[in-house]
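# this one's sequence-less:
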């Protein structure tokens with residue numbers, strides 16, 4: 001896949017101009033997603049390249065691996081499907097849960113939309129939310145850790 005650096009730069013500039021945090025453009029099987037944290041170029045569902053949103057600005061190394069640590073945690077709540085995670089019922093409303101919140105078994109933690117169906121992700125046990133790894137409006141894969149409850 002040929003990387004269109006000009007398109008990536010234009011999308012990054014558009015983010016800065018509009019105040020958005022992420023933008024995604026797809027053409028055929030090629031997909032370019034730019035967010036304030038970095039740029040991911042994907043084709044046919046597999047990431048093939050990752051770079052900072054502005055390659056001229058030095059980026060600090062990310063030494064944290066919360067998702068790797070969370071996946072081994074017995075309180076990890078994983079996505080049962082591929083879809084889009086939503087942390088609140090609708091835009092402008094409070095999130096279902098926040099870090100540090102106490103939840104009861106069966107409480108809704110978030111929603112994963114798959115094929116236009118909103119699927120509530122329920123707490124499998126009572127406890128305290130120690131990590132929220134899914135971001136609002138971000139795609140999730142089957143088995144991705146969404147939340148950790150301890």
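Done, it's in. Quick caveat, the model's predicted, so the values are computed rather than measured.

# which stretches in the chain count as helices?
Remark: helices of the chain, listed N- to C-terminal, are 5-18, 66-71; assignment by DSSP state H.

# mean pLDDT lowest for which of those?
Between these, the lowest average pLDDT goes to helix 66-71, which shows a mean of 52.

# burial measure for the nearest residue to residue 106 once chain neighbours are set aside, as a count.
Sequence neighbours aside, residue 122 is the residue nearest to residue 106 in space, at 5.3 Å (criterion: C-beta to C-beta, 6 or more residues apart in numbering). Every residue, glycine included, has its C-beta placed from N, CA and C. Counted with other C-beta atoms under 10 Å, residues neighbouring residue 122 total 14.

# local confidence estimate at residue 122?
Looking at residue 122, the pLDDT reads 93.

# surely it touches residue 112?
No: contact criterion C-beta atoms under 8 Å: residue 122 and residue 112 do not qualify, at 11.3 Å.

# so where's the chain shaky on pLDDT?
Applying pLDDT under 70 to the chain flags the ranges 1-2, 28-29, 37-72.

# the domain parsing of it - what is it?
5-51, 66-149 (automatic domain parsing).

# which of those domains has the highest mean neighbour count?
Each of the domains of the chain was given a mean neighbour count from mean count of other C-beta atoms under 10 Å, and the largest, a mean of 16, is that of domain 66-149.

# thinking again about what came up before, so which of the helices of the chain gets nearest residue 27?
helix 5-18 (9.5 Å; C-beta to C-beta).

# so how far is the closest one off the chain centroid?
Helix 5-18 sits 20 Å away from the centroid of its parent chain (C-alpha atoms, centre = their mean, to the nearest Å).

# all set, thanks.
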